[in-house]
Structures are given as C-alpha cells and as structure tokens.
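In: A predicted structure for the sequence below; I have some questions about it.
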Amino acid sequence: MLKADSISKRFGQKIALDRVSLSLDAGHIFGLVGTNGAGKSTMLRVLSGILKPDSGHALLNEADVFENIQAKQQICYISDEPTFVTGATIEDMGSFQSAYYESHDPARLQELCEYFSLPMHERISTVSKGTQKRAQIVLSLARHPRLLLCDETFDGLDPVMRESFKRALGEVMVDEQMTTVLAGHSLQEMENICDSVGFLHEGTLLTSGDMDHILNRFCKLQLVTENGLPQDLLSSLSVVSLRQQGKLSVLTVKGDEAAVLNRLSAANPVYLEAIPLSLEEVFILDMEEQGYAK
C-alpha cells in the first residue's frame, strides 16, 4: 500500500504541497491531474523518497520511503526529462541498473525492448525524445517495481506507443500487483486506464476518488421545451453553464444526474437527454470553480 500522510512541502515562500493525503492499494492505477505548477512533480519526488517533506510522511507498506534503501529498491520514478549515462545504450543502462537494483531482470528488459521496438545496442542520446521515453519505460518495468511513479510519461509517445504502454501497464497490474501513479495532462489517456484520479491545484488536492465518483459530480443535459425553462426551476439547481438556442437548452449542473433529470422533467420537456462528460471537461469545470483562467 502507498500512503501520503498529510504531506506539505515549501520552496522558500512557495507552497508546493499543502497537507496532501492519499492512500492507494496494491495493483491500483491513480491519475494525478493538475494545472501548471500545481505540485505534481514535487508530489512524485516526495513519494519516491527523492525529496523530504517538511511535514507528513510518504509510506510504502507502512515504511517511510525517505532515506530508506529497502523501500527505494521497490520504487521506480520516471521523470518528465529522460536522463541517461552519456553515450550509453539500453543494454548499458540495464547493466548499470542491475548493480543497484536486485530486482533488475535482463530477460525482461530484452522482452520489453522487442515489444516496444527498441534497439538495445544503439546510443540512447542519438534517438528521438519519444524513443528515449520508451527506453525509460522498459528500463523501469524491467526492475519489477512495486511502485511506479510516472511524470508526463505519455508526452512524446505516438498513439501506437501510448496504447502499447497502457497494455504493458495493464498486464503488470494483473501479474505483479504494481501500484502506479500517473501525473500529467493527458486526461483522455488517464480516463481510459486509471482506477481513480485526483485533482491537484496550487499544492492542494481538491478532490480524489474512483473514476465514476469524479465524473458523476457534474452532469450535462440537453432538453427541448415548448415554453422555455422556468426561472424557479433553474434557481433550484446548481447550474454551472446554460446555453439556449430557441427551444433547445444545454446545461451543465453540479449534482447527481438522476436527481437533476427528475427535476428537469417537471418542465414537461418534449425531449430530455443526459450527455456524458469526459474527465477533461470535469477537470476544467473544477478549475473554473477555483477561479483558474476563467
């Protein structure tokens, strides 16, 4: 189990994390979504034991990860900027990795390189950023980590490789019960693969929960009425946005979809339909509610 227990971190006067708490079971994929500068990378570095929190604790199976060699043997952090030994190939990096991590599996590394169409004997510095991202992924998974922390890992991967990464991740979840935290802006990818998600803004975790819970806090509906929507009906709802064109109304409401549909049916609509909201749309609604770039 991974647990963040009221973690706070400052850099000078800048509050990077403000009492962030989180608990994830083994075999869980969590998406950490946030605005620019929200504290996502700082959170991953604290969870990996690279940074010491000013207060609170990052725990893996009840053990504090900071300056804990045994815990760090089980953690792999894929940063947003690939870093490799100068002139090294993937095979070289595998050998280097095996000197520090007992769980490194050379056969698994070769298998993953074949799966991701990666040359093991070519210098990593000579290939594209996307290929370097793939190199990070295969080296990480070859370690059989218990906790995988990914910072903007989907960036730089083409659509085919994104799907390959998601499939590989899914297989490891089933076979090895690895816990994964994906931080970044690729909300569509996260929606397709994550079990749960959290929205981080200005160092504060605004909300977190399973995907259905996050998506169902808002609902979007379109309806056609003969005489428009009564003002008292609109006032009884937490309307976030309303667009009207003739007899057609499209509104986004904060609240339970079934309850909102029941209330709108009081207007005797000729037509009434709920429209699914994406994770990206829900994130934008949350950020607008916080006054971010509204």
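Out: Thanks, I have the structure now. Residues are numbered from 1 along each chain as shown.
In: quick one: low-confidence ranges for the stretch 151-294 of the chain?
Out: Where the stretch 151-294 of the chain drops to pLDDT under 70, the residues are 292-294.
In: ranges for the strands of it?
Out: Taking DSSP state E, counting those that start in this stretch as the criterion, the stretch 151-294 of the chain carries its strands at 179-184, 196-201, 204-210, 218-224, 239-245, 248-254, 271-275.
In: can you list those in TSV and add distance to residue 42 and mean neighbour count?
Out: The C-beta positions use only the backbone N, C-alpha and C, and glycine is treated the same way. Shown next, in TSV, are the strands of the stretch 151-294 of the chain (distance: least, CB to CB, whole Å; neighbours: other CB atoms under 10 Å):
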stretch	distance to residue 42	mean neighbour count
strand 179-184	10	24
strand 196-201	10	21
strand 204-210	13	17
strand 218-224	28	18
strand 239-245	30	12
strand 248-254	29	18
strand 271-275	36	13
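In: now these as CSV including distance to residue 74?
Out: Listed next are the strands of the stretch 151-294 of the chain as CSV, based on distance: least, CB to CB, whole Å:
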stretch, distance to residue 74
strand 179-184, 10
strand 196-201, 21
strand 204-210, 23
strand 218-224, 37
strand 239-245, 42
strand 248-254, 40
strand 271-275, 43
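In: relative to residue 155, which of these is closest?
Out: Closest to residue 155 of the strands of the stretch 151-294 of the chain is strand 179-184 (CB to CB; 6.8 Å).
In: then the closest one to PDB, C-alphas only?
Out: C-alpha atoms of strand 179-184 as PDB (Å, rounded to 0.1, in the frame of the first residue of the first chain):
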ATOM      1  CA  THR A 179       0.800   0.300  -7.800                       C
ATOM      2  CA  THR A 180       1.100   3.200 -10.300                       C
ATOM      3  CA  VAL A 181       0.700   6.900 -10.100                       C
ATOM      4  CA  LEU A 182       0.400   8.700 -13.500                       C
ATOM      5  CA  ALA A 183       0.900  12.500 -13.300                       C
ATOM      6  CA  GLY A 184       0.300  14.800 -16.200                       C
END
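In: adjacent strands (with direction) for it?
Out: Paired strands of strand 179-184, with direction, are strand 29-34 (parallel), strand 147-151 (parallel) (DSSP bridges).
In: got a list of contacts for that strand?
Out: With contacts defined as CB atoms under 8 Å, 6 or more residues apart in numbering, strand 179-184 is touched by 1-2, 24-34, 40-41, 43-44, 47, 146-155, 169, 173, 189-190, 193-194.
In: so what sits opposite residue 253 in the bridge?
Out: As for beta bridges, residue 253 partners with residue 219, residue 239 under DSSP bridges.
In: correct me if wrong: it contacts residue 222.
Out: No - between residue 253 and residue 222 there is no contact under CB atoms under 8 Å: 11.8 Å.
In: tell me who's in contact with residue 101.
Out: Taking CB under 8 Å, 6+ apart, we find residue 101 in contact with 73, 143.
In: give me the phi and psi for the residue nearest to residue 141 when sequence neighbours are not counted.
Out: Spatial nearest neighbour of residue 141, excluding adjacent residues (CB to CB, 6 or more residues apart in numbering): residue 112 at 5.8 Å. Backbone geometry at residue 112, expressed as degrees, to the nearest 10, gives phi -70, psi -40.
In: model confidence for residue 112, exactly?
Out: In this model, residue 112 is scored at 95, pLDDT.
In: likewise for residue 123?
Out: You'll see residue 123 listed with a pLDDT of 94.
In: show me what it bridges to in the sheet.
Out: Applying DSSP bridges, one finds that residue 123 bridges with residue 89.
In: out of the strands of the stretch 151-294 of the chain, which gets nearest to residue 6?
Out: Across those, residue 6 has its closest neighbour in strand 204-210 (10.7 Å, CB to CB).
In: orientation of the closest one relative to strand 29-34 in degrees?
Out: Computed by axes from the mean of the first three to the mean of the last three CA atoms, to 10 degrees, the angle separating strand 204-210 from strand 29-34 equals 150 degrees.
In: which helices and strands does strand 204-210 pack with?
Out: Applying 3 or more CB pairs under 8 Å, 6 or more residues apart in numbering; DSSP states H and E, one finds that strand 204-210 makes contact with strand 14-24, strand 196-201.
In: could you dump those strands into JSON lines with distance to residue 181 added?
Out: What follows is the helices and strands packed on strand 204-210, written out as JSON lines (distance: least, CB to CB, whole Å):
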{"stretch": "strand 14-24", "distance to residue 181": "7"}
{"stretch": "strand 196-201", "distance to residue 181": "9"}
